[in-house]
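Engineer: give me a 3D structure for the following:
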Amino acid sequence: MITVEIQRPSSQHNLAARQILWPGSKSGGSAPIRTIVIVGGGFSGSAVAINLLRAPQREPLRVVLVDRAHAASGLAYGSGHSRYLLNVPAARMSASSDDPLEFLAFAQRALPDAKEDDFLPRDLYGQYLESSLTRAAAAAAPHVQLQRLRAEVIAVARSRRSPAVELHLADGGRIAAANAVLAPGNPPPAPLPGSERLREEQYLSDPWQAADSWRRDETTLIVGTGLTMADVVLTGARALKGKVTLHAISRHGLSPAPQTNFPQVDDERYTIPLLQAAALSLPRLVRAARALAENVALRGGDWHEAIGVVRTLAPTLWQRLGEAERKRFLRHVRPYWEVHRHRLPPRSWTALHALGRSGTLHIHAGRILQLESAGRQVRVTWRARGASHAATLLVDRVINCTGPDYDARRSRERLLRSLIAQGMALADPLGLGLVTAERGALVDASGRAADDLYYIGPMLRPRHWETTAVQELRVHAEELARHLTVADVADVVRTGRPRSIADRVVAIR
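Structural biologist: The predicted structure follows:
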């Protein structure tokens with residue numbers, strides 16, 4: 001029998017939270033309630049919850065969604081993001097594979113003129129996720145319930161008293177469940193050299209805080225030249241009407257390409273050469289991708305079709321590359337893949353390049369060596385790409401836009417650190433996230449896949465590579481929810497306990 005157990009210090013503050021989860025283990029008659037806890041209420045966690053609520057559950061089910069913010073938008077689509085646009089057209093942002101235009105239909109209620117190829121505000125997408133979760137809970141069967149808890153999970157342990165996992169909360173509470181799904185979202189960026197000695201007004205580790213803190217005539221260094229840099233730069237230039245000097249730096253000095261409309265291609269004439277090349281070496285794969293792009297261009301098409309084909313095959317291609325080839329990809333190819341794979345809305349790209357032409361934005365290729373306080377300013381020591389000597393730059397502040405640090409070995413999240421320390425999770429040796437098996441089952445330090453603990457989100461990269469966009473993550477959410485619904489519930493009904501896959505030994509690269 002699986003129950004939800006909450007143990008908290010007695011206080012008026014915790015009373016509401018205590019009442020979110022009732023302590024009983026029965027639903028209606030005598031049927032036991034199976035509990036699945038989802039840690040993280042951003043896109044991935046909400047998508048898993050939505051799919052569980054929509055699925056035909058044969059037995060009573062309690063879905064508990066635990067999140068610090070108690071909202072389905074997560075950090076990426078929060079209410080403070082109205083000034084930022086999605087980087088993907090509305091027609092490709094549905095949280096459901098079965099209804100590709102679901103988000104567009106929702107958006108058109110607020111923006112009747114919205115079209116399939118429009119790039120819409122991010123906070124509107126957050127509202128869509130919240131609405132989808134609310135509607136899924138309302139439409140669920142009477143024996144399927146959603147409970148939401150605003151809390152922080154800091155550790156997971158396996159119960160000695162029952163076949164359950166026990167989640168420990170920061171305030172002392174505990175939740176026992178048959179399965180736990182970890183969906184904590186994007187980790188923060190890695191700190192920059194010397195940033196720990198800078199004052200708060202000199203250094204922003206969270207780039208999304210920059211929107212409301214711009215100062216007229218300041219000189220700012222933005223570290224990173226990807227999509228986050230573009231959002232931060234465009235917001236600052238818009239807020240101060242260009243009365244700011246912006247420097248952006250990354251190893252290669254590459255900024256994102258613009259989005260273009262091109263058809264999605266699914267043709268064996270294109271896919272087979274890529275699959276064959278990946279089994280041989282990275283250089284062969286790169287040559288095959290270039291040949292495909294040239295072939296598309298010769299036919300009068302958009303060469304970005306080749307990027308779309310590679311992206312579709314990315315999990316299979318990645319798995320066919322050996323560890324040495326993966327390292328070569330990360331060292332030599334990754335920056336070029338990123339700028340063509342993660343692209344800007346055309347309007348944003350045009351505005352960003354206008355800032356470059358006007359002298360407001362200066363993009364550099366190089367590496368940050370050290371940051372140090374120089375009175376009210378920051379002295380930046382850096383070395384340009386290909387240069388042998390370092391240079392210095394004085395700025396008023398530095399904004400870290402290097403993107404999430406997926407290296408779980410450096411994680412500052414208490415939950416991930418606890419899992420790794422206990423040997424319940426394994427950090428990828430290439431620093432891409434967590435080692436997982438099928439459907440995101442966490443692999444422990446001995447190489448065994450859990451049957452009660454799953455991960456979904458960008459740290460699936462070691463197994464799938466492309467795991468940051470809605471189009472990929474919604475499929476992972478659907479497959480995981482289907483597994484938890486069909487496989488586990490069927491086995492619980494038949495045998496009285498979940499099916500174990502712990503005996504599967506996973507090859508760890």
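Engineer: from residue 99, how far out is residue 137?
Structural biologist: Look at residue 137 and residue 99: by Cβ to Cβ, to the nearest Å, they are 18 Å apart. Any C-beta I mention is one placed from the backbone N, CA and C, and that applies to glycine too.
Engineer: again with residue 432
Structural biologist: 31 Å.
Engineer: please identify which of these two sits among more neighbours.
Structural biologist: Neighbours were counted for residue 432 and for residue 99 using other Cβ atoms under 10 Å; residue 432 has more, 23 against 11.
Engineer: residues in contact with the residue nearest to the more buried one when sequence neighbours are not counted?
Structural biologist: Nearest non-adjacent residue to residue 432, counting by Cβ to Cβ, 6 or more residues apart in numbering: residue 461, 4.2 Å away. Residue 461 is in contact with 406, 428, 432-433, 467-468, counting by Cβ atoms under 8 Å, 6 or more residues apart in numbering.
Engineer: can I get these in CSV with pLDDT and distance to residue 417?
Structural biologist: Shown next, in CSV, are the contacts of residue 461 (pLDDT from 0 to 100; distance: Cβ to Cβ, whole Å):
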residue, pLDDT, distance to residue 417
406, 95, 15
428, 96, 15
432, 96, 17
433, 96, 14
467, 90, 21
468, 89, 22
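Engineer: so which of those sit within strands?
Structural biologist: Using DSSP state E, no member of the contacts of residue 461 falls in strands.
Engineer: now the two most distant members of these.
Structural biologist: Largest separation among the contacts of residue 461 by Cβ to Cβ: 428 and 468, giving 15.1 Å.
Engineer: now the residue nearest the centre of the chain, nearest residue through space, not along the chain?
Structural biologist: The residue lying closest to the centre of the chain (Cα atoms, centre = their mean) is residue 458, at 4.1 Å. Of all residues not flanking residue 458 in the chain, residue 468 sits nearest, at 4.8 Å (Cβ to Cβ, 6+ apart).
Engineer: render the CA-only coordinates of stretch 107-122 in PDB, please.
Structural biologist: The C-alpha trace of stretch 107-122 is given here as PDB (Å, rounded to 0.1, in the frame of the first residue of the first chain):
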ATOM      1  CA  ALA A 107      -2.900  31.900 -28.300                       C
ATOM      2  CA  GLN A 108      -5.500  33.000 -30.800                       C
ATOM      3  CA  ARG A 109      -8.000  33.600 -27.900                       C
ATOM      4  CA  ALA A 110      -5.700  36.400 -26.700                       C
ATOM      5  CA  LEU A 111      -4.200  37.300 -30.100                       C
ATOM      6  CA  PRO A 112      -6.800  36.600 -32.800                       C
ATOM      7  CA  ASP A 113      -4.400  37.500 -35.600                       C
ATOM      8  CA  ALA A 114      -1.700  35.100 -34.500                       C
ATOM      9  CA  LYS A 115      -0.600  32.800 -37.300                       C
ATOM     10  CA  GLU A 116       1.300  29.400 -37.500                       C
ATOM     11  CA  ASP A 117       4.600  31.000 -38.300                       C
ATOM     12  CA  ASP A 118       4.500  33.800 -35.700                       C
ATOM     13  CA  PHE A 119       6.900  34.000 -32.800                       C
ATOM     14  CA  LEU A 120       4.800  34.800 -29.800                       C
ATOM     15  CA  PRO A 121       5.600  36.100 -26.300                       C
ATOM     16  CA  ARG A 122       7.100  33.600 -23.800                       C
END
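Engineer: run through who's touching that stretch.
Structural biologist: Residues outside stretch 107-122 that contact it (Cβ under 8 Å, 6+ apart): 76-77, 81-91, 93, 101, 104, 124, 127-128, 259, 261, 345, 347-348.
Engineer: are any of those residues buried, and which?
Structural biologist: The neighbour-count criterion (16 or more other Cβ atoms under 10 Å) marks 76-77, 81, 84-90, 93, 101, 104, 124, 127-128, 259, 345, 348 among these as buried.
Engineer: against residue 332, how distant is the residue nearest to residue 432?
Structural biologist: Look at residue 461 and residue 332: by Cβ to Cβ, they are 18 Å apart.
Engineer: can you check residue 351 too?
Structural biologist: From residue 351 to residue 332 the distance is 31 Å (Cβ to Cβ).
Engineer: so for these two, which sits in the more crowded spot?
Structural biologist: Counted by other Cβ under 10 Å, residue 351 and residue 332 do not tie: residue 351 has more neighbours, with 16 against 12.
Engineer: now do the helices in the stretch 251-400 of the chain.
Structural biologist: Along the stretch 251-400 of the chain, the segments classed as helices by DSSP state H, counting those that start in this stretch run 268-278, 282-298, 304-320, 323-328, 334-341, 346-358.
Engineer: cool, the stretch 51-200 of the chain as well?
Structural biologist: Listed in chain order, the helices of the stretch 51-200 of the chain (DSSP H, counting those that start in this stretch) span 102-110, 122-139.
Engineer: okay, the angle between the first one and helix 122-139?
Structural biologist: Yep, that's helix 102-110 we're talking about. Here the directions of helix 102-110 and helix 122-139 differ by 110 degrees (axes from the mean of the first three to the mean of the last three Cα atoms, to 10 degrees).
Engineer: just the mean pLDDT for helix 102-110, thanks.
Structural biologist: Regarding helix 102-110, the rounded mean pLDDT is 96.
Engineer: buried residues, that helix. List them.
Structural biologist: Using 16+ other Cβ under 10 Å as the test for burial, helix 102-110 gives 102-104, 106-107.
Engineer: longest strand in the chain, please.
Structural biologist: Under DSSP E, the chain gives strand 361-374 as its longest strand.
Engineer: I would like the residues contacting it, please.
Structural biologist: Applying Cβ under 8 Å, 6+ apart, the contact partners of strand 361-374 are 192-195, 197-199, 202-203, 223, 225, 233, 237, 245-255, 352, 355-356, 378-385, 387, 390, 394, 398.
Engineer: going by neighbour count, list what's buried in it.
Structural biologist: For strand 361-374, burial by neighbour count (16+ other Cβ under 10 Å) applies to 361, 363-364, 366-368, 371.
Engineer: I'd like these as CSV, with pLDDT and distance to residue 57 appended.
Structural biologist: Compiled in CSV, those are given as follows (pLDDT from 0 to 100; distance: Cβ to Cβ, whole Å):
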residue, pLDDT, distance to residue 57
361, 95, 52
363, 97, 52
364, 97, 55
366, 97, 55
367, 96, 53
368, 97, 51
371, 97, 53
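Engineer: report the buried members of the contacts of strand 361-374.
Structural biologist: Buried residues within those, counting neighbours by 16+ other Cβ under 10 Å: 192, 194-195, 198, 202-203, 223, 225, 233, 237, 245-250, 254-255, 352, 355, 378, 380-382, 398.
Engineer: how is the chain carved up into domains?
Structural biologist: Annotated domains of the chain cover 195-257+344-400, 268-337 [automatic domain parsing].
Engineer: distance to residue 39 added to those domains, as JSON lines?
Structural biologist: Formatted as JSON lines, those follow (distance: least, Cβ to Cβ, whole Å):
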{"stretch": "domain 195-257+344-400", "distance to residue 39": "21"}
{"stretch": "domain 268-337", "distance to residue 39": "24"}
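Engineer: I am finished for the moment; much appreciated.
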